[in-house]
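J.: sharing a sequence plus its predicted fold:
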Amino acid sequence: MQFLCNFIFRHYSSLPKLPKLRKINCKHRARAVLQAQQALTEYLHNTRYLSFTHAEHISKNSLFSLSDLISRVEYSPSNFSRNFQRFLSYHPINEFEFFFESIGIAPSEINGFLPTHEFFLSEDVCVFKAACALSAFGFPWNKLGRLYKEEISIFGKNPEALNARLCGFKEFGFNGISVVGICLAFPFVLGGNDELSGEIDVLFNDLKRVFMDFDLVSSVEENVDSWYGICRKIRIFYDLGCEKGKMGELLGRRRNVLLEYPEVVLVQKAEFFGKFGVRAEDVGLFLLQCPEVLNYDLESPVISVSGFLKDIGLSDKELNSVAQQYHYVLGKNRLANLPHLMRAVDLHEWFFNKIMNGDHHLLANVVISNLDEDMDKDFKESLGRIQSTRTYNYTIGKLDFLLGIGFGENLATLKALSYLHGSKSELQERFDYLLQRGIEFSKLCKLVCLCPKILNQNTDMLEQKVNFLCKDLGCSLQYLDGFPGYLIFDLENRIKPRYRFHMWLTEKGLGTRNYSIGTIIATSEKKFITRLFSIHPAAPKQWLECFSSKNHSNSHQEACVT
């Protein structure tokens, strides 16, 4: 008993804190958990008629749900076990809560999977029987949640069909342990219907080529976790878009990538190169064809932008062109921001093709000797002043956002920084929204430099303004290149009423001159009314009485564009 208590205590200590057990003295918690698990196992086995093995799986892998029950029972060291058993006898539990947690679904996610009306596992035996069949084949009980979350249809199949499919995978030459690892990494193979049979076959042919023909199998430990880990790494390349059925040989020849590098390194490098805005499939192929880049530090080095552009082959003429068109990217920046920096100057595809075709060493041989020469003294002084302010973290977050989209450490960045409002994540969300609507990365960076305040509003408002621009005004997003300020004017109090009044004037035959959208919107209220008077003496009265918003604040809007 003492050994079990110590084991439970170590297991308990490694998990997040369970606030519902605070009322129990810490020296008694491990014993209380053990006694509750034993009582729950007996309850599920003797009262709910689950097999002892499955009852034990559920009780031992549902600590959060169990702690909730424990907190509802009065604790005393001598009577707790008996009190807990009595509690279970008179208070039936929601067995699905315990079941879902036990198969590995996080407590914070469980509510999204709970049945609406069912309370006992016997009310939906299909789910439980599928879990039992998978466990009998060799799937770890506490990992079944991975299958459930990604391919819930698996738990709608009868045990015989599941077992038949699993045994069928062995015909490719894999044993039971490897089949379990493969299925955990690629749940679609178990839930797939006949339409996916072709995709399943080519996947297994790829895996057979990698593991059997290139003898990767000899380097994989004979346990589920090892097979699952290797297959998860393989899946990274499929998720990037590499075609199933055509990757077996390349993956086999680069087996060292799968064996030597942790999954997190593959993901981080894929995310880095994916930021160049190129095809995800090309990123996957690049990592396999040039595995040296997996060893590069692409996070911490600091570069001189102008120096780096020169080192990668830009001529003096091209450098001058960058300095004129994209002056806000110059200065220092971290190598981690390089992909967006290259997108900001519209050189991302050129540079990615360059490193993909053999020049990836450029990323390993970053020249940093001229950083002091490239240091903007005004920027350094301003950064020092920012550090002494109360809003330092907030301001640095905004600066990190600007550097992250390719802006360098320079005065243009400081100017944009002074106009931006919002947290780093909020600014990134707004920037990403405008990207998703179709504005090119380099053009959007230029718009942010020209008119930073376009990002000082939530995505819902941006969406309304963009929709009105494209649908009602009939303009393309390219119109923003010349008039980014459109996005900072009030839609309901400024843009819509002025535009609709000009449309009304045109319909009445009074608007003989075609004013641009910018002229209609950006003109001050005083000049706007003066223009209306020149069109017709009665026009200002009509505007003020029928179209103008009474709550409109001209001074506020004018301040936004100064």
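T.: It's in.
J.: tell me which stretches of the stretch 1-150 of the chain form strands.
T.: For the stretch 1-150 of the chain, no strands are identified by DSSP state E, counting those that start in this stretch.
J.: got any ranges where it has weak pLDDT?
T.: When residues are selected by pLDDT under 70, those of the stretch 1-150 of the chain lie in 1-20.
J.: what ranges does it have for its helices?
T.: In the stretch 1-150 of the chain, the helices defined using DSSP state H, counting those that start in this stretch lie at 2-13, 26-42, 52-60, 63-71, 80-90, 95-102, 107-110, 125-137, 144-150.
J.: would you mind finding the most buried of these?
T.: Mean neighbour count (mean count of other C-beta atoms under 10 Å) peaks for helix 95-102 among these, with a mean of 24. All C-beta atoms are positioned from the backbone trio N, CA, C, and that covers glycine.
J.: what sits up against that one?
T.: The contact list for helix 95-102, computed with C-beta atoms under 8 Å, 6 or more residues apart in numbering, reads 40, 44, 48, 57-66, 107, 110, 113-115, 118-121, 124, 127-128, 131, 141-142, 145, 148.
J.: surely residue 172 is in contact with residue 204?
T.: Yes - Residue 172 lies in contact with residue 204 (C-beta atoms under 8 Å); the separation is 4.6 Å.
J.: got a markdown table for the helices of the stretch 1-150 of the chain, with distance to residue 444 too?
T.: Formatted as a markdown table, the helices of the stretch 1-150 of the chain follow (distance: least, C-beta to C-beta, whole Å):
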| stretch | distance to residue 444 |
| --- | --- |
| helix 2-13 | 49 |
| helix 26-42 | 54 |
| helix 52-60 | 52 |
| helix 63-71 | 44 |
| helix 80-90 | 60 |
| helix 95-102 | 43 |
| helix 107-110 | 35 |
| helix 125-137 | 47 |
| helix 144-150 | 34 |
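J.: what count of nearby residues applies to residue 537?
T.: 9 (other C-beta atoms under 10 Å).
J.: to residue 461, which of the helices of the stretch 1-150 of the chain lies closest?
T.: Nearest to residue 461 among these is helix 107-110 (30.8 Å), distances taken as C-beta to C-beta.
J.: packing partners of that closest one?
T.: helix 95-102 (3 or more C-beta pairs under 8 Å, 6 or more residues apart in numbering; DSSP states H and E).
J.: so which of the helices of the stretch 1-150 of the chain comes closest to residue 210?
T.: helix 144-150 (21.5 Å).
J.: can you list contacts of the next helix or strand after that closest one?
T.: Moving toward the C-terminus from helix 144-150, the next helix or strand (DSSP states H and E) is helix 159-170. Defining contact as C-beta under 8 Å, 6+ apart, one finds that helix 159-170 is touched by 129-130, 132-134, 137, 154, 176, 179, 182-183, 189-190, 204.
J.: and which of the residues you listed is nearest residue 507?
T.: Taking those together and measuring to residue 507 by C-beta to C-beta, the closest member is residue 154, at 61.8 Å.
J.: list the contacts for that closest one?
T.: Listed by C-beta under 8 Å, 6+ apart, the contact set of residue 154 reads 130, 134, 147-148, 162, 187, 190-191.
J.: kindly report the same for residue 192.
T.: Residue 192 touches 199-200, counting by C-beta under 8 Å, 6+ apart.
J.: start the count at 7 instead of 1 going forward.
T.: Happy to do that; since the first residue is 7 now, the last one works out to residue 198.
J.: where does it fall, phi/psi-wise?
T.: Main-chain torsions, residue 198, degrees, to the nearest 10: phi -60, psi 150.
J.: residue 339 too?
T.: The phi and psi torsions at residue 339 (degrees, to the nearest 10) take the values phi -160, psi 160.
J.: how about it: what's its closest non-neighbour residue?
T.: residue 414 (5.1 Å; C-beta to C-beta, 6 or more residues apart in numbering).
J.: can you pull the contacts of the one you found?
T.: 311, 334-339, 347.
J.: how about 7 Å then?
T.: 311, 334-339 (C-beta atoms under 7 Å, 6 or more residues apart in numbering).
J.: in a helix, that's where it is, yeah?
T.: No - under the criterion used here (DSSP: H, G, I helix; E, B strand; the rest coil), residue 414 is coil, not part of a helix.
J.: I'd like the distance between it and residue 112.
T.: 41 Å (C-beta to C-beta, to the nearest Å).
J.: over to residue 415?
T.: 41 Å.
J.: neighbours of residue 454, how many?
T.: Residue 454 has 27 nearby residues by other C-beta under 10 Å.
J.: what helix or strand is it located in?
T.: Using DSSP H and E, residue 454 sits in helix 447-456.
J.: for that helix, give the mean pLDDT please.
T.: In this model, helix 447-456 has a mean pLDDT of 97.
J.: ditto for stretch 480-488
T.: 93.
J.: residues contacting that stretch, please?
T.: 443-445, 449, 453, 475-476, 492-493, 523.
J.: want to throw these into a markdown table with secondary structure and neighbour count?
T.: Shown next, in a markdown table, are those (DSSP: H, G, I helix; E, B strand; the rest coil; neighbours: other C-beta atoms under 10 Å):
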| residue | secondary structure | neighbour count |
| --- | --- | --- |
| 443 | coil | 14 |
| 444 | coil | 12 |
| 445 | coil | 20 |
| 449 | helix | 17 |
| 453 | helix | 20 |
| 475 | helix | 21 |
| 476 | helix | 15 |
| 492 | helix | 23 |
| 493 | helix | 22 |
| 523 | helix | 19 |
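J.: pLDDT check: weakest of those?
T.: residue 523 (84).
J.: that residue is in contact with residue 478, isn't it?
T.: No - in this structure, residue 523 is not within contact of residue 478 by C-beta atoms under 7 Å, at 10.5 Å.
J.: low-scoring pLDDT stretches of the stretch 307-456 of the chain, where are they?
T.: 373-381.
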